[in-house]
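S.K.: With the input below, show me the fold.
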Amino acid sequence: MMSQPLPRRKKLPDEAIATMIRQTAVKPLDRQKKIMEGLQRNNDKYKNDPYAKEFGISLSGTMTKLTGRILDPPSIEYRDNGKDKNIVNINKTNPGKWFQDKNTYLNGADVSNWAVLDMAQLNDGQYKEVVQGFVTVGKENGIKFGGVDKVMKVRVSMKDMDEALATIEDHLVRIGHHFQAAGSKLDFVLIIFAFKAGSLYDKIKHLGDMKLNISTQCCLKANLYKGGNLSKQVVANVCMKINSKLGGINHVLSKGCRPNILKRPVMIMGADVSHPAPECRSFKPSIAAVVASVEPKAVNYEVQVRIQDMGLESNEEVIKDMKEVTRNLLLKFFEKNNGRKPEKIVMFRDGCSEGQFLTVLAKELMAMREACMELEEGYQPPITYLVVQKRHHTRFFPSDTNKYRNGNALAGTVVDQGINHPTEGDFYLLSHEGIQGTSRPCHYQVLWDDNNMTADELEVLAYYLCHLYSRCSRSVSYPTPTYYAHLVADRARKHHNELIELAQFDCGSSSGYSAGSGKITESERRKIKEVVERGIEKPMYFV
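M.R.: Below is the predicted model of the structure:
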């Protein structure tokens, strides 16, 4: 590992990234030891440095001791089955995860008509086992899957990747037509890959989301058959994603522990800006994604995407079209809540460096206010605006027994004094259970707060929102709206790349806008921007 050459300018393949993370993940106690050794070396240098002595500079040889708190975890609510067991209480000594036990999803989807696109060459026995596995596990969790007789099976090979890419659209169209001819609506397609194939995955998502309006769920055969047998746990995890994509609700915060702000109509927003890789900056734009909750449980989110060409010169973080974005999201909230407007707005903003705080606040907050005023004169809901950061070097090492077996601090650990800004409201919150390496806390900076929320209310809201991520029964490191905004931006980037490739293929080498090996015209570029920004009809398609 020591003398391996690394590509400087190009992105590592996904497998290499996963291997690199595993190799570089350092356990908390080992990291603490490394930090202390580095500190000792620096200290020795400073002690013997004449200039440092002259200026009276010295380094402390110990880590800063802080007093933190551990927030109580929320309780999670599933569908009420007439018994009092639909509330799951999270273990306070081992927070960050919970077990669904025999509870079913709060709102399970009905999957009568579905298809399996087998690209992993499953034999007949395995195919039946997979379908039956989804039917059984789905029933246990509250999804009604149609049985083997209701499933359409299509087998495709992945051996020739070019052929697979060329024919995948025909296969998906054929599946859609099959159900149309029978007078029924296709609910979703399960696609089983033999191995990871990024380009094929991107193509499938583009076709399903933007062209054919089909819900797709991809999974690897190796993951489904962990240890040789069909893994019920993997099937259950996939079911969580399927249920969300089809408009279901997996779990919510129980009524008894729901933060006060969620008891009145409130819109929780999340925003992120995704920038192109350095080598693509000359021809790929930045993509901004904003999501907003449209119901009291803050589980289902509506989405707005914007293509920002400033990525061509520099990575400025400001979302240019924030006024129109907020307006559209407010209208969706209004529509979904029978004409009720949000009384408050809370924004969790990701990916914004300290140097841009004032610019982002001045432009985006004003744009949000203008959007509210434009919808109705005198409509000025109080806005709370927080920035969420994970790119920092602060780490916590618990000095008491409040830690996991691997030495990481417990989920819910919050530090809001000692290392915080003296005047600005900010806090560090560790909201997940660190499974590998040393947990990195999230740094929340409160840039604006019309709602006059106390530090405790903000910390609890942020922590509880981390439990609403629909892909797993764990608390995640980011608040759910911010995480979703990141997923939306990521998916929009895939759609944008696919559309550029199609445009290059169509116009050959016409002059205009360079996009890697080929070129696309300015009008094509504008058309792509329109298509991506128009959005996708299906809710929660990005999960």
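S.K.: Could you confirm residue 429 falls within a helix?
M.R.: No - going by DSSP: H, G, I helix; E, B strand; the rest coil, the assignment for residue 429 is strand, not a helix.
S.K.: Can you give me the neighbour number for the nearest residue in space to it that is not next to it in sequence?
M.R.: Counting by CB to CB, 6 or more residues apart in numbering, residue 429 lies nearest to residue 414, which is 4.9 Å off, once chain neighbours are set aside. The C-beta positions use only the backbone N, C-alpha and C, and glycine is treated the same way. Neighbour count of residue 414, defined by other CB atoms under 10 Å: 21.
S.K.: same question, residue 49
M.R.: 12.
S.K.: ok, now which ones touch it?
M.R.: When the contact criterion is CB atoms under 8 Å, 6 or more residues apart in numbering, residue 49 has no partners at all.
S.K.: With residue 153 instead?
M.R.: Contacts for residue 153 (CB under 8 Å, 6+ apart) come out as 115, 116, 118, 127.
S.K.: repeat that with 6 Å
M.R.: Neighbouring residues of residue 153 by CB atoms under 6 Å, 6 or more residues apart in numbering: residue 116.
S.K.: Is it in a helix, a strand, or coil?
M.R.: strand.
S.K.: Show me what it bridges to in the sheet.
M.R.: residue 116 (DSSP bridges).
S.K.: So which residues make contact with stretch 165-180?
M.R.: If you take CB under 6 Å, 6+ apart as the criterion, stretch 165-180 is touched by 113, 115, 152, 154, 156, 186, 189, 203, 207, 212.
S.K.: thinking again about what came up before, torsion angles phi and psi at the residue nearest to residue 429?
M.R.: The phi/psi pair for residue 414 (degrees, to the nearest 10) reads phi -130, psi 140.
S.K.: what's the answer for residue 533, then?
M.R.: Dihedral angles for residue 533 - degrees, to the nearest 10 - are phi -70, psi -20.
S.K.: count of neighbours near it?
M.R.: 17.
S.K.: Ok, residue 33 next?
M.R.: 12.
S.K.: In terms of pLDDT, where does it sit?
M.R.: Note on residue 33: pLDDT of 93.
S.K.: One more: residue 56?
M.R.: Value for residue 56, per-residue pLDDT: 84.
S.K.: For the residue nearest to residue 429, which residues count as its bridge partners?
M.R.: Bridge pairing for residue 414 - DSSP bridges - gives residue 69, residue 429.
S.K.: surely it meets residue 69?
M.R.: Yes - with contacts counted by CB atoms under 6 Å, residue 414 reaches residue 69, the gap being 5.3 Å.
S.K.: So the closest residue to residue 424 other than its chain neighbours, which state does it fall into?
M.R.: In space, and not counting its chain neighbours, residue 424 is closest to residue 445: 6.6 Å by CB to CB, 6+ apart. Following three-state DSSP, we place residue 445 in the strand state.
S.K.: so how far is residue 325 from residue 445?
M.R.: Distance, residue 445 to residue 325, by CB to CB, to the nearest Å: 22 Å.
S.K.: re earlier: compare the contacts of stretch 165-180 and tell me which is most surrounded.
M.R.: Going by other CB under 10 Å, residue 115 tops the contacts of stretch 165-180 with 25 neighbours.
S.K.: Flag the shaky bits of the stretch 101-250 of the chain, pLDDT-wise.
M.R.: Scanning the stretch 101-250 of the chain for pLDDT under 70 picks out nothing.
S.K.: can you map out the helices along it?
M.R.: 124-141, 161-181, 198-206, 221-224, 232-245 (DSSP state H, counting those that start in this stretch).
S.K.: from the ones you listed, which stretch is densest packed?
M.R.: The highest average neighbour count among the helices of the stretch 101-250 of the chain, using mean count of other CB atoms under 10 Å, belongs to helix 232-245 at a mean of 20.
S.K.: what packs against it?
M.R.: For helix 232-245, the contact count by 3 or more CB pairs under 6 Å, 6 or more residues apart in numbering; DSSP states H and E identifies helix 124-141 as packing neighbours.
S.K.: which residues are in contact with the helix it packs on?
M.R.: 104, 105, 145, 147, 148, 151, 230, 232, 235, 236, 239.
S.K.: Now tabulate those in TSV and tack on distance to residue 409.
M.R.: Listed next are these as TSV, based on distance: CB to CB, whole Å:
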residue	distance to residue 409
104	33
105	31
145	40
147	47
148	48
151	46
230	36
232	32
235	32
236	28
239	31
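S.K.: isn't residue 306 right next to residue 287, touching?
M.R.: No - with contact defined as CB under 6 Å, residue 306 does not reach residue 287; the gap is 7.3 Å.
S.K.: Neighbour count: these two, which is higher?
M.R.: Per other CB under 10 Å, whichever of residue 306 and residue 287 has more neighbours is residue 287, with 25 against 22.
S.K.: got the contact list for that one?
M.R.: By CB under 6 Å, 6+ apart, the contact set of residue 287 is 274, 489, 492, 493.
S.K.: quick one: the host helix or strand of the last one to helix 198-206, angle?
M.R.: It stands for residue 493. Per DSSP states H and E, residue 493 falls inside helix 480-507. Helix 480-507 runs at 100 degrees relative to helix 198-206, counting by axes from the mean of the first three to the mean of the last three CA atoms, to 10 degrees.
S.K.: Understood, closing this out.
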